[in-house]
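Participant: Below are the sequence and a predicted model; questions follow.
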Number of protein chains: 2
Amino acid sequence: MNYCPSCGDRVALRVPPGDDRERHVCVACGDIHYHNPKIIVGCLPTEGQRILLCKRAIEPRYGLWTLPAGFMENGETTADGAARETWEEAAAVATGLSLYRIFDVPHISQVYIFYRCGIEAGRFGVGPESLETQLFTADELPWDALAFPVVRELLLEFLDDRKRDNYPVRHSVISRGYDRR
Amino acid sequence: MNYCPSCGDRVALRVPPGDDRERHVCVACGDIHYHNPKIIVGCLPTEGQRILLCKRAIEPRYGLWTLPAGFMENGETTADGAARETWEEAAAVATGLSLYRIFDVPHISQVYIFYRCGIEAGRFGVGPESLETQLFTADELPWDALAFPVVRELLLEFLDDRKRDNYPVRHSVISRGYDRR
């Protein structure tokens, strides 16, 4: 950030009165511009015993499989956003959304919030950010072609929880270096 | 937002290619500036059977009681942020944080994330945004002087969960008009 979004003058990094960290403060109008973590919302959609994954048509991890997820938008709930991403990436209407998994990712200032859901009438398609979409049984899951380690972790937990038919809301922190596991 | 934070030229509301909603797009450099929901993190701190509340020294709801909470900062986890707010508002070191309560508040594009926690050595004080802080038993809680309905809801749920010694992660949506209940 170089310029004030309000008045267009220069911003400088300063610690505002009563604050304890540097913020982008406008040298002209004094507006303080805060930068805060972003929320990624997504779904783990299932149809019977099968899980719906999307093959990415965009970078990063083009051509690898992932769960439908993306940036939460203003004015929606986390569940709205997770359902919207499921529609956009897999042309599936998410049903019965249930909060399932939260990942803190502090080194990139993000929080991931995932829901379990069903798929209306078992219908799905291929959204513009996907090359293809597919339902997988546990045995068919493409473990060697998953886009992100959090997807692997979420799928393993889900398969485990499903054996017990008990799905507690889980929460953990993803540290820098987690991607290299 | 009137000006581009990157180059200082004017921004206009436009739907970028491949997008489906208006964004602030710079007329000169083309940068797209997204605005996303913000996360409020907080704690429900307890010491034995008592709950720590803070009397607000700031608007809104000056002079009313609340739980320590505030905007999550970049680079921290939700638990880091909840502990930081507990330190800033009640000079208490939060211990044993456990994810407890998520509120979606779509009409103001916020998500609240609360943790249960203890207080190191039972010590607490008064931070700059509080007039006073106090431990309350269930019978002493200031029901008629709580700052926000979500605080009331969270306290009622907690007292209920405590009877069963079972604290599932709860999640609900706060709609416009909830404040008038």
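Facilitator: Arrived safely. Numbering: from 1, shown residues only, chains lettered A, B, ... in the order given.
Participant: domain assignment for chain A?
Facilitator: Split into domains by automatic domain parsing, chain A comes to A:1-34, A:38-173.
Participant: OK, contacts around the closest residue to residue A:65 other than its chain neighbours?
Facilitator: Nearest residue to residue A:65, sequence neighbours excluded (Cβ to Cβ, 6 or more residues apart in numbering or on different chains): residue A:53, at 4.5 Å. C-beta here means a position set from N, CA and C on the backbone, and glycine is covered the same way. Applying Cβ atoms under 8 Å, 6 or more residues apart in numbering or on different chains, we find residue A:53 in contact with A:65-67, A:133-134, A:136, A:141-142.
Participant: Return the angle between stretch directions for the longest strand seen in chain A and strand B:94-105.
Facilitator: Scanning chain A for the longest strand, with DSSP state E as the assignment, gives strand A:94-105. Counting by axes from the mean of the first three to the mean of the last three Cα atoms, to 10 degrees, strand A:94-105 points 140 degrees away from the direction of strand B:94-105.
Participant: Now stretch A:154-170 - C-alpha only, PDB.
Facilitator: Provided in PDB are the C-alpha atoms of stretch A:154-170 (Å, rounded to 0.1, in the frame of the first residue of the first chain):
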ATOM      1  CA  LEU A 154      -9.000 -33.400   5.800                       C
ATOM      2  CA  LEU A 155      -9.800 -36.500   3.800                       C
ATOM      3  CA  LEU A 156      -7.900 -38.800   6.200                       C
ATOM      4  CA  GLU A 157      -9.700 -37.300   9.200                       C
ATOM      5  CA  PHE A 158     -13.100 -37.600   7.400                       C
ATOM      6  CA  LEU A 159     -12.600 -41.200   6.500                       C
ATOM      7  CA  ASP A 160     -11.600 -41.900  10.100                       C
ATOM      8  CA  ASP A 161     -14.600 -40.000  11.500                       C
ATOM      9  CA  ARG A 162     -16.900 -41.800   9.100                       C
ATOM     10  CA  LYS A 163     -15.900 -45.100  10.600                       C
ATOM     11  CA  ARG A 164     -17.200 -43.900  14.000                       C
ATOM     12  CA  ASP A 165     -20.100 -41.900  12.400                       C
ATOM     13  CA  ASN A 166     -18.900 -39.000  14.700                       C
ATOM     14  CA  TYR A 167     -17.800 -35.700  13.200                       C
ATOM     15  CA  PRO A 168     -16.400 -33.300  15.900                       C
ATOM     16  CA  VAL A 169     -15.400 -29.800  14.700                       C
ATOM     17  CA  ARG A 170     -11.600 -30.100  14.400                       C
END
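Participant: now the strands for chain A?
Facilitator: Remark: strands assigned in chain A by DSSP E are A:11-14, A:23-26, A:32-33, A:38-47, A:50-56, A:65-66, A:69-71, A:94-105, A:110-119, A:130-136, A:170-173.
Participant: What separation is there between the one residue sitting closest to the centre of chain A and chain B?
Facilitator: Among the residues of chain A, residue A:40 comes closest to the average C-alpha position under Cα atoms, centre = their mean, at 3.2 Å. Using Cβ to the nearest Cβ, to the nearest Å, residue A:40 is found at 10 Å from chain B.
Participant: Now do the contacts for the residue of chain A positioned farthest from its centre.
Facilitator: No residue in chain A sits farther from the centre than residue A:28, which is 37.2 Å out by Cα atoms, centre = their mean. Counting by Cβ under 8 Å, 6+ apart, residue A:28 touches A:4, A:7, A:9-10.
Participant: let's go with 7 Å and repeat that
Facilitator: For residue A:28, the contact set (Cβ atoms under 7 Å, 6 or more residues apart in numbering or on different chains) comprises A:4, A:7, A:9.
Participant: any idea which of these is closest to residue B:73?
Facilitator: For the contacts of residue A:28, the residue nearest residue B:73 by Cβ to Cβ is residue A:4; the value is 20.8 Å.
Participant: how many neighbours does the closest one have?
Facilitator: 24 (other Cβ atoms under 10 Å in any protein chain shown).
Participant: Go ahead and confirm it touches residue A:32.
Facilitator: No: using Cβ atoms under 7 Å, residue A:4 is not in contact with residue A:32; the gap is 10.0 Å.
Participant: Where does pLDDT dip in chain A?
Facilitator: Low-confidence segments of chain A, defined by pLDDT under 70: A:179-181.
Participant: Which positions in it make contact with chain B?
Facilitator: Contact residues, chain A versus chain B (Cβ under 7 Å from any Cβ of the partner chain): A:1-6, A:8, A:18, A:35-39, A:71-72, A:74-78, A:99, A:102, A:104, A:106, A:109, A:111, A:128, A:169, A:171, A:173.
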